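Colleague: coordinates only, no sequence provided:
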């Protein structure tokens, strides 16, 4: 089955709101074998909506719309849908009752415009919404399905999971699209490409491959379908094995896994602990480590030593080191990592120092130069990286490199313990 | 002029990548009076791309495409555009040279597939890309404009700002759409609504108003147009004054301004300095403060004291305080803020301690409970907040509350100095 999305709202076109609903629906539909072929966004204008509905209906078997279902004056999806279907709107007292009660619970009287919410195109099936007052509905015509969902992401997602996905599963004939992402770090897209060439061997078996460079590293996206679920999984397993054999040492995870989550699992497995000493990353490394629930089991403390005084005072970096080599140097990175490990009594210490930019670079120490220090029971070492010009990108890339150091060190311990 | 966007990529349809490019382009085009009427996403298939180009071309005066311009095999936008235009691809040795040099700077040889990047549809104007190797171009046909941009957000944004926007400004006939966002923090949407009612007085003058709740606070979005630029600005100024008169004490900034940027300006203005002591926010507060270039002028250091030992050892929090009141308490928050101020010698100390969740809550100290401590030359105080259940949301909301404390304290100093 082919699907199209129609996301409605001036906020989307004018760019105030990023269209996360489309991404969510794309993933949800693919999970039951329905591939979105086109996603269209139009504004809150009835003619535009009707025209877009008619076009999409010609091409697709399944149409999902979001937005334009609230009580305010710019919400006109329902009228457009009724016009498109050539039916009248019909009053649903049970909807009215529910909206009235929701206002009553907040000790408010229902504003008059909310009465509009109780009218649905004739023949439409109301989709239950236990988490809000927005209305969603489903109708069938010409053997096709149309789902009309609200634009509020939480309510849209709830209706998608509880109604749209199960409904489509019945009709999709058991065939699915499956996708698996292999996440790499520490290797450039072009270097991957040189190692792998065009992965024809994988593609000839029906697996589509895409390389997606992100700040976090290059993602390798594998997709198959429509197929029965078992065949799809088997093909993906084989393709994953093909890639792991060739570039496995750079693959840290799958799908939406973040490097800090992978690192957290390794900390849980090994029982090791860590403390961080950051300069150029300004706390982002500690922040990413503590984004994982349960991180207090392995993360003891972090320090963000921006001033030279704090590097000396908290971490014991030597004045001579700072004077001779500068705050951004291999030597300072090493003393920071060793210092934070010493004061914390953790197994590992990790440090970052560099020029995040956009200003502050020199010919010898350009913007984007970052040192990552690591200290452990067997000694310490420092990695040198040259990132780019954007401050936030550099901060992120530096923390990714620091997490990658932890990932490799913890990985060694896990392999030794086996 | 009417514009349409065509964003290309299977990754967008299948929901792996959220379409932030469309939002960015929507805002950029509106800034020069070009309103996006429709945004379409299709996959990496030549026929789909050509069909979508042809449809959009019938409706729009300006067409902007993103995606599908890299060197890998799934990038076929350029061929589709050439087919749509009915022209051949033409080799540009200057592009080849640039790509080759970019690889050389990284001490790498250019992989063969990158040669594809040097071919452009005949008659197209190359758009300069000083920050990467992706190619973008512009062509005119039938008096209309088509801009073909890469999908990598940073490069797409650069080309939009440096080329697309200035080019369209020349053609847009002087009428503009303008939008201004007033950003509030510390007041709920319902409380704003109670203070303001429906802002009919503003809306009757042609200014559209929308309330947009975000984690950072509620944004009030004002929009006008199409109008000449002077009238648009005047209407927005009047509307802003209307809101400032009523809820000004909660408005910290405009448009994309972040609270950390507003706080940074106040630090620059006052010459004050700060150090942070974080527990539940795990480094995010320091990270946000150091996201601003130049923050080393006011940010001395931060500590992320996750363990009780580190709270005592680095900050001098008393063992008795932790034993009697717990790490998540008003008393601990106060001692953390005072401690980090004392060891750093800064004007201010700010602290966070709480239960980020999703686990770790108790009936007395539920998930989402956060204390924000502030210490300054005139003493210290602690704010108590009750946020929600999501860990990352709680971390962000807690840092927003901590930054709001700094914003108010610095604001007082600025007003006193006047």
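Modeller: Cool, got the structure. Worth saying up front: this structure is predicted, and the values here are computed from it rather than measured.
Colleague: quick check: buried residues in whatever helix or strand residue A:53 lives in?
Modeller: Taking DSSP states H and E as the criterion, residue A:53 maps to helix A:46-59. Across helix A:46-59, burial judged by 16 or more other C-beta atoms under 10 Å in any protein chain shown covers A:48, A:49, A:50, A:51, A:52, A:53, A:56, A:57. In this view, the C-beta of every residue, glycine as well, is placed from N, C-alpha and C.
Colleague: near chain B at all, the lowest-mean-pLDDT helix or strand in chain A?
Modeller: The helix or strand of chain A with the lowest confidence, counting by mean pLDDT, DSSP states H and E, is helix A:93-105 at a mean of 82. No. Under the criterion of C-beta under 8 Å from any C-beta of the partner chain, chain B is not reached by helix A:93-105; the shortest gap measures 11.6 Å.
Colleague: now do the same end-to-end measure for stretch A:95-114.
Modeller: This stretch, stretch A:95-114, spans 10 Å end to end (C-alpha to C-alpha, to the nearest Å).
Colleague: how far is stretch A:191-208 from where the chain is centred?
Modeller: Mean C-alpha position of stretch A:191-208 versus that of the full chain (C-alpha atoms, centre = their mean, to the nearest Å) differs by 25 Å.
Colleague: contacts for it, please.
Modeller: For stretch A:191-208, contacts defined as C-beta atoms under 8 Å, 6 or more residues apart in numbering or on different chains pick out A:184, A:209, A:211, A:218, A:220-224, A:227, A:235-236, A:238-239, A:242-243, A:246-247, A:250, B:10, B:71-74, B:108, B:111, B:113.
Colleague: surely residue A:121 touches residue A:81?
Modeller: Yes. Contact criterion C-beta atoms under 8 Å: residue A:121 and residue A:81 qualify, at 5.5 Å.
Colleague: now for those two: what residues contact both?
Modeller: residue A:139.
Colleague: could you report the neighbour count for residue A:142?
Modeller: Neighbours of residue A:142 under the rule other C-beta atoms under 10 Å in any protein chain shown: 6.
Colleague: which residue comes closest to residue A:28 once chain neighbours are left out?
Modeller: Ranked by C-beta to C-beta, 6 or more residues apart in numbering or on different chains and with sequence neighbours excluded, the top spatial neighbour of residue A:28 is residue A:160, at 5.0 Å.
Colleague: just checking: which of the buried residues of helix A:46-59 also lie near chain B?
Modeller: A:48, A:52.
Colleague: tell me how far the strand or helix carrying residue A:341 is from the chain's mean position?
Modeller: Assigning secondary structure by DSSP H and E places residue A:341 in helix A:330-344. Centroid displacement of helix A:330-344 relative to its chain, using C-alpha atoms, centre = their mean, is 33 Å.
Colleague: show me what it is packed up against.
Modeller: On a contact count with 3 or more C-beta pairs under 8 Å, 6 or more residues apart in numbering or on different chains; DSSP states H and E, helix A:330-344 meets strand A:274-278, strand A:299-305, helix A:308-315, helix A:319-325, strand A:348-354, strand A:369-376, strand A:379-386, helix B:308-315.
Colleague: quick check: which of those is buried the most?
Modeller: Mean neighbour count (mean count of other C-beta atoms under 10 Å in any protein chain shown) peaks for strand A:274-278 among the helices and strands packed on helix A:330-344, with a mean of 32.
Colleague: show me what that strand is packed against.
Modeller: Judged by 3+ C-beta pairs under 8 Å, 6+ apart, the packing partners of strand A:274-278 are helix A:284-289, strand A:299-305, helix A:330-344, strand A:348-354.
Colleague: partner strands of the second one, parallel or antiparallel?
Modeller: Paired strands of strand A:299-305, with direction, are strand A:274-278 (parallel), strand B:299-305 (antiparallel) (DSSP bridges).
Colleague: give me the mean pLDDT for the longest one.
Modeller: Translated: strand B:299-305. Across strand B:299-305, pLDDT averages out at 98.
Colleague: now swap in the first one and tell me
Modeller: Averaged across strand A:274-278, pLDDT comes to 98.
Colleague: and stretch A:370-385, anywhere near chain B?
Modeller: No. On the criterion C-beta under 8 Å from any C-beta, stretch A:370-385 is out of touch with chain B, staying 12.1 Å away.
Colleague: follow-up on the earlier one: can I get the buried residues of helix A:46-59 in CSV with pLDDT?
Modeller: As requested, these are arranged in CSV below (pLDDT from 0 to 100):
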residue, pLDDT
A:48, 92
A:49, 92
A:50, 92
A:51, 93
A:52, 95
A:53, 93
A:56, 94
A:57, 92
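Colleague: and the furthest pair within the buried residues of helix A:46-59?
Modeller: A:48 and A:57 (14.9 Å; C-beta to C-beta).
Colleague: first-to-last residue distance for stretch A:261-279?
Modeller: End-to-end distance (C-alpha to C-alpha), stretch A:261-279: 23 Å.
Colleague: correction: stretch A:145-164
Modeller: End-to-end distance for stretch A:145-164, by C-alpha to C-alpha: 10 Å.
Colleague: okay, and which of the contacts of stretch A:191-208 map to helices?
Modeller: Judged by DSSP state H, the contacts of stretch A:191-208 include A:235, A:236, A:238, A:239, A:242, A:243, A:246, A:247, B:10 as members of helices.
Colleague: dump those to a markdown table, plus pLDDT.
Modeller: Converted to a markdown table, the ones in helices among the contacts of stretch A:191-208 look like this (pLDDT from 0 to 100):
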| residue | pLDDT |
| --- | --- |
| A:235 | 97 |
| A:236 | 97 |
| A:238 | 97 |
| A:239 | 97 |
| A:242 | 96 |
| A:243 | 96 |
| A:246 | 94 |
| A:247 | 96 |
| B:10 | 88 |
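Colleague: what's the closest of those residues to residue A:130?
Modeller: Of all the ones in helices among the contacts of stretch A:191-208, residue B:10 has the smallest distance to residue A:130: 33.7 Å, by C-beta to C-beta.
Colleague: my guess is the closest one contacts residue B:43. True?
Modeller: Yes. If you go by C-beta under 8 Å, residue B:10 and residue B:43 touch, sitting 4.4 Å apart.
Colleague: looking at those two, which is more packed in?
Modeller: Neighbours per residue, other C-beta under 10 Å: of residue B:10 and residue B:43, the larger number sits with residue B:10, 24 against 21.
Colleague: is chain B contacted by stretch A:123-138?
Modeller: No. Judged by C-beta under 8 Å from any C-beta, stretch A:123-138 stays clear of chain B, getting no closer than 13.3 Å.
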